[in-house]
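**Student:** Mind looking at a prediction? Sequence and model below.
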Amino acid sequence: MGNRESGNQESGKRGSGKRLALVVGVGLALIVVLAVAAYLVGRSLRPYNLHAVELDPPGPQIEIEGAWARPSPKMAGTGVVYMILENKGGEADKLLSGETPAAEVVELHESFMDENQVMKMRAVEGGYIEAPAGGEVELKPGGRHIMLVRLVEPLEEGQTIQLTLTFERSGEIEIEVPVSQGPPGQ
Amino acid sequence: MSDRRKKITLIAVGVAALVLALGVVGWRYRPYRFHGMVMKSAEYAPNFVLTSSRSGEPIQLRDFRGQVVLLYFGYATCPDVCPATLRDVAEAFDMIGNKSDQVQLLWITVDPERDTPELMEDYVQHFHPDFLGLAPRSAEETLEVATQYGIYYEKQDYGSATGYLMDHTATITLVDQDGYVRVIYPFGTTAEELAADLNYVLSRW
């Protein structure tokens, strides 16, 4: 009785040992096959490497979109210009100043509201408006804007004014600004 | 058992229908939501007497009882925020059409030093022929009226070619036909929002 039992146990042990070996073997084989397959698929899908160094567009690349000037009352003598400064280049640039035959002085201003709804307007911090690399900055009502001081003549809807913007790196950019009640296309 | 289940189902359906019906009715009669800060004061809006930029005659807030009054404090040299706001109000006037006859925009200067009645008249007319400028006779009068309406202002002289600029509270105050302050609008309230509120206030009285 005892012998038979022990014999059975031994043969059982031997049998499970074989099965384990089989499972481990098949498992290993599967892992190898999968690894090879994954390598092959990955290889076929890998991005092609250009045999050259890729370059960001050198320096800043400023484009001005959607510029508009608000019509001004006859006597008040101040005007405002809004626009989107887009920088498609790989480096930042700064709008430093502006000049227009339509006004004696051009100032870069920023309106901002404190927590008590008090609206304040100041010259922009540092005296410039930064156009970040690959980004854009919007000059809009209640925010940063270009202020025209002592207009030569009131700005009338339908008219166009010339504005030369000076950037730190891109130099002078001349634009035509339509006088309208809102951004172009609205 | 099946009878009981039927009963339960019937009750459930009934309750759901009731809840739905109440929801629909509640939504239909929901209170109107203004697009600004709603004020509930038992006091009339503080009265004031200022000089009309159009006629040069004294004008008081009480003269506009029966009309909706929009009060805005600003100054003529302001190129950005004030024109943006006044333009929005003018657009709202256009949107509500003839009903704008029952609305009066009063523009009060916080810069009496520079804003003469002529300059103010030219300024408001630029935005809408029905807007009215109100000039105080003295700096004290400006301060008194502004303070009554919680309007803060301060001269800022930091070297702009304009001479100086004014910090000022950029809200619009709506005074209803009965003379109560009803809504305060922050800067950036759109013409559509103002028009909707004006339509509502005008339809109620």
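**Tutor:** That came in fine, so what should we check first?
**Student:** tell me which parts of chain B are close to chain A?
**Tutor:** B:76-81, B:83-84, B:87, B:118-119, B:122-123, B:125-127, B:152, B:156, B:158-162, B:165, B:167-171, B:186-188 (C-beta under 8 Å from any C-beta of the partner chain). C-beta: built from backbone N, CA, C; applies to glycine.
**Student:** Following element in sequence after the helix ranked longest in chain B, please.
**Tutor:** Longest helix in chain B by number of residues (criterion: DSSP state H): helix B:2-28. Toward the C-terminal end, the helix or strand that comes next after helix B:2-28 (DSSP states H and E) is strand B:37-38.
**Student:** what helices or strands is the helix or strand just after that following strand leaning on?
**Tutor:** Beyond strand B:37-38 in the direction of the C-terminus, DSSP H and E gives the next helix or strand as strand B:49-52. On a contact count with 3 or more C-beta pairs under 8 Å, 6 or more residues apart in numbering or on different chains; DSSP states H and E, strand B:49-52 meets strand B:58-60, strand B:132-135.
**Student:** contacting residues around strand B:49-52?
**Tutor:** For strand B:49-52, the surrounding residues in contact (C-beta atoms under 8 Å, 6 or more residues apart in numbering or on different chains) are B:57-60, B:108, B:117, B:132-137, B:141, B:145.
**Student:** Single out whichever of the residues you listed has the smallest pLDDT.
**Tutor:** Among those, B:Arg137 carries the weakest pLDDT, at 85.
**Student:** Now the buried members of the residues of chain B next to chain A.
**Tutor:** B:76-81, B:83-84, B:87, B:119, B:122-123, B:125-127, B:160, B:162, B:165, B:167-171, B:187 (16 or more other C-beta atoms under 10 Å in any protein chain shown).
**Student:** Among those, which ones are in strands?
**Tutor:** B:165, B:167-169 (DSSP state E).
**Student:** which SS class is A:Gly79?
**Tutor:** On the three-state scheme (DSSP: H, G, I helix; E, B strand; the rest coil), A:Gly79 is labelled strand.
**Student:** partners of it in the sheet?
**Tutor:** A:Leu148 (DSSP bridges).
**Student:** do the one 5 residues further on as well
**Tutor:** Going by DSSP bridges, A:Ile84 is paired in beta bridges with A:Glu65, A:Glu138.
**Student:** tell me the contacts of it?
**Tutor:** When contacts are counted by C-beta under 8 Å, 6+ apart, A:Ile84 touches A:64-66, A:136-139.
**Student:** could you redo the last one with a cut-off of 7 Å?
**Tutor:** For A:Ile84, the contacting residues are A:65-66, A:136, A:138, by C-beta atoms under 7 Å, 6 or more residues apart in numbering or on different chains.
**Student:** before we move on, the earlier item: would a markdown table of the helices and strands packed on strand B:49-52 with mean neighbour count be doable?
**Tutor:** Shown next, in a markdown table, are those (neighbours: other C-beta atoms under 10 Å in any protein chain shown):
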| stretch | mean neighbour count |
| --- | --- |
| strand B:58-60 | 14 |
| strand B:132-135 | 24 |
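**Student:** I'd like those laid out as TSV, including distance to A:Leu163.
**Tutor:** Converted to TSV, these look like this (distance: least, C-beta to C-beta, whole Å):
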stretch	distance to A:Leu163
strand B:58-60	40
strand B:132-135	30
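**Student:** Nearest approach to A:Ile161 belongs to which of those strands?
**Tutor:** strand B:132-135 (27.0 Å; C-beta to C-beta).
**Student:** That closest one pairs with which strands, and in what direction?
**Tutor:** Counting by DSSP bridges, strand B:132-135 is paired with strand B:49-52 (antiparallel), strand B:103-109 (parallel).
**Student:** For the shortest one, buried residues please.
**Tutor:** In this case it means strand B:49-52. The neighbour-count check on strand B:49-52 (16+ other C-beta under 10 Å) flags B:50-52 as buried.
**Student:** got the contact list for stretch A:103-110?
**Tutor:** A:79, A:95, A:97-100, A:121-124, A:129, A:143-152, B:160-161.
**Student:** Which of these are buried? Put it as a ChimeraX command.
**Tutor:** Applying 16+ other C-beta under 10 Å to these, the buried members can be selected in ChimeraX as follows:
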select /A:79,95,98,100,121,124,129,144,145,146,147,148,149,151 /B:160
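**Student:** returning to what we had before: for the helices and strands packed on strand B:49-52, which one sits closest to A:Ala21?
**Tutor:** With C-beta to C-beta as the measure, strand B:132-135 is the member of these nearest A:Ala21 (98.8 Å).
**Student:** Give me the distance from the closest one to the chain's centre.
**Tutor:** 16 Å (C-alpha atoms, centre = their mean, to the nearest Å).
**Student:** following that strand, which helix or strand shows up next?
**Tutor:** Per DSSP H and E, the first helix or strand lying C-terminal to strand B:132-135 is helix B:139-148.
**Student:** CA-only coordinates of that next one in CSV, if you can.
**Tutor:** Extracted as CSV, the C-alpha positions of helix B:139-148 are listed here (Å, rounded to 0.1, in the frame of the first residue of the first chain):
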residue,chain,number,x,y,z
ALA,B,139,-13.4,118.0,-9.0
GLU,B,140,-15.2,117.6,-5.7
GLU,B,141,-18.5,116.9,-7.5
THR,B,142,-16.8,114.2,-9.6
LEU,B,143,-15.5,112.5,-6.5
GLU,B,144,-18.8,112.7,-4.8
VAL,B,145,-20.8,111.2,-7.6
ALA,B,146,-18.2,108.5,-8.4
THR,B,147,-17.9,107.5,-4.7
GLN,B,148,-21.7,107.1,-4.4
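**Student:** Now it: buried residues?
**Tutor:** B:141-142, B:145-146.
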